[in-house]
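Chemist: Need coordinates for the below:
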Amino acid sequence: MQGIILCGGLSTRLGDITKVTPKILLPIGNQTILDYQLNLLKLVDTTEVILASGHLHEVLFQAVGHQRLGVTISYAKEEKRLGTGGAIKNAMQYISAEPFFVLNGDILVENLNLARMLSHQKKIEHNLNSTIDGLLLSTLVDDVRDFGEIISDQNSKILAFKEKPADQHSGYINGGIYLFNLSISEYFPDQDTFSIERDVFPTVKQLYTYKSQANLIDVGVPERLESARQKYRSSG
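Modeler: Numbering: from 1, shown residues only. Okay, here's the model as predicted:
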């Protein structure tokens, strides 16, 4: 199985922390962010990961090379800023099999079993007797106002994306992990730079969700990065 990790951003929210070190190589506990992501993907027998790199690409390549934790590493370097959708489009030139996972390089996910997400996709496709375009991880939060909400039916098909609702209520939000078939590329716009969330997802016909209670840790801002480091340091 293959996977893509999006790690080409400028990491401006982290300031000086990432001027010389790519965000995905920042240590948390006794591992880097990349190591956490690779270990998560290895649980579903991922043998190759494409790093959608950009900022500090050469530093990343020198540190990681073409093999890490028993996983083959390839690179899809951005020559300009491509956005989340453009980065996936660029990295998909190295994808040869489906389905494949896409992870955001600045989000750690706890309490998630990717094997169950994969099984959920297979169950949906079995019931439909056809493949789907993609499956999004969604996670339950107490207040969706700061995130936007995913609305789905009883069969897990996504019906709508609601942008930051005004009223406070619990609901499911985008967890930043995707399981795509190659058909997702049919919805990509012609331009190089675009957002997977804004420019692609609302147009996809066969887009489903895997509901979870996974805990998301956005390590792309200094205070949350430090909080994650304290947590993993205290947990050994």
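
Chemist: for this structure, which helix is longest?
Modeler: As assigned by DSSP state H, the longest helix anywhere in the chain is helix 114-128.

Chemist: residues making contact with that one?
Modeler: 40-41, 43-44, 99, 101, 131-132, 135, 137, 155-156, 177, 179, 208, 210, 212 (Cβ atoms under 8 Å, 6 or more residues apart in numbering). In short, each C-beta sits where N, CA and C put it, glycine included.

Chemist: So which residues of the chain form helices?
Modeler: Using DSSP H, helices in the chain cover 33-42, 57-64, 83-91, 114-128, 222-234.

Chemist: by contact count, what packs against the biggest strand by length in the chain?
Modeler: Criterion DSSP state E: the longest strand present in the chain is strand 171-180. The contact analysis (3 or more Cβ pairs under 8 Å, 6 or more residues apart in numbering; DSSP states H and E) places strand 171-180 against strand 100-104, strand 107-110, helix 114-128, strand 134-141, strand 149-152, strand 207-212.

Chemist: could I get these as a markdown table with mean pLDDT?
Modeler: Supplementary listing: the helices and strands packed on strand 171-180 in a markdown table, determined by pLDDT from 0 to 100:
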| stretch | mean pLDDT |
| --- | --- |
| strand 100-104 | 96 |
| strand 107-110 | 83 |
| helix 114-128 | 97 |
| strand 134-141 | 95 |
| strand 149-152 | 96 |
| strand 207-212 | 97 |
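
Chemist: okay, these in a markdown table with distance to Leu6 next?
Modeler: Shown next, in a markdown table, are these (distance: least, Cβ to Cβ, whole Å):
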| stretch | distance to Leu6 |
| --- | --- |
| strand 100-104 | 5 |
| strand 107-110 | 10 |
| helix 114-128 | 16 |
| strand 134-141 | 14 |
| strand 149-152 | 19 |
| strand 207-212 | 18 |
